[in-house]
Structures are given as C-alpha cells and as structure tokens.
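Fold the following.
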Amino acid sequence: MSVEPFQLDRMTVSDVEAVAALEQASFNDPWPIESFIKELSSNQLALYLVLRHQSMVVAYIGAWVIIDEVHITTLAVEEEYRRRGLATRLIEALIEKVLPFGASSITLEVRPSNTAARTFYEKLGFEIYGCRLRYYKDEDALIMTKQLLPLP
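Model prediction:
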C-alpha cells in the first residue's frame, strides 16, 4: 500500500463545517457546529488539529490543555480513511505539541461498549483510571489516561 500524503494543521474556523460533518457521521451524540466555533474562538485552553488529504479534512482531534494535563475532547477519522494510522498520528502530534509546555498526562473518556476504541487506546499506552457515571446519554464513560512523564 502506498503512503498517502496527509497534511497536519491547526484547525481553523474555515475547517469547522467539514469537522462538524465528520462529527455528525462519527458519533451518536455529536457536538453541534457552534461548539467547535466556540472552542476555536474563545476557549484559550483548546488545541484542535486536522489532517488533510488533498486539501479535504479527513480527521481531527480536539483537546484542552489544563496546566499539566491534556484532555482529549474529540477525535474522529473519515470512515474511508480509518485503519491507516491517522488517529495515532493525531494523538502523537498532539503529544508532541504539548510536551514542551510540561504536559505530564493525557486523558479521555470512552464508552465501555466501544471495544475497538478501548483496544486502540490501550495499544497507545492508555490505561483505565476510573469511570464517569452517566457521562453519555445512554452509558457511563471509562476514563483512560496515558502518563507522558513519570509520576513523582
């Protein structure tokens, strides 16, 4: 399989329409487009990245950088581009961007029923650290964390 060129960029407001469409296609309870606009325009903790293929947004990741913790808020890859390492590339790029600022851990929530996502995150070194009751409309969430720096 040939390596396809993908361009990594910070998400901008001009990406929001494509990102919101991908969010709609990927999740049962997607964020509305206004949430992405608000994140980019007024959340100083937010860091959002996109991957483009031939100028089209095919994957994105969003996170909040809170002191030394990075919290992944959302991550999605277009269905036809899945299983090509794009989600891994986005997480690695996010980590690369936050490490110089002292980030020591990265965390996220995942549905217990989403075994594919859980397996993916475990392969990247995330571990289950807890549970958020009734996090989703229909299900609790597992809190998964990856230590970026050794614990003191």
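
so residue 132 bridges to which residues?
Using DSSP bridges, the beta-bridge partners of residue 132 come out as residue 141.

List the contacts of it.
Residue 132 makes contact with 109, 140-141, 143, according to CB atoms under 8 Å, 6 or more residues apart in numbering. Heads up, the C-betas are built off the backbone N, CA and C, glycines and all.

Can you turn the buried part of these into a PyMOL selection?
Selection of buried members from the contacts of residue 132 for PyMOL, criterion 16 or more other CB atoms under 10 Å:
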select buried, resi 109+141+143
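
Going by residue numbers, what spans are helices in this structure?
Listed in chain order, the helices of the chain (DSSP state H) span 16-26, 33-42, 86-98, 115-123.

Any chance of CSV for these, columns distance to residue 73, mean neighbour count and mean pLDDT?
Output for those, formatted as CSV (distance: least, CB to CB, whole Å; neighbours: other CB atoms under 10 Å; pLDDT from 0 to 100):
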stretch, distance to residue 73, mean neighbour count, mean pLDDT
helix 16-26, 11, 17, 95
helix 33-42, 8, 15, 94
helix 86-98, 11, 18, 95
helix 115-123, 14, 14, 94
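
Which one of the ones you listed lies nearest to residue 56?
Residue 56 lies closest, by CB to CB, to one member of these: helix 16-26, at 7.1 Å.

returning to that earlier point: turn the helices of the chain into a markdown table, including distance to residue 80.
Shown next, in a markdown table, are the helices of the chain (distance: least, CB to CB, whole Å):
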| stretch | distance to residue 80 |
| --- | --- |
| helix 16-26 | 11 |
| helix 33-42 | 22 |
| helix 86-98 | 11 |
| helix 115-123 | 16 |
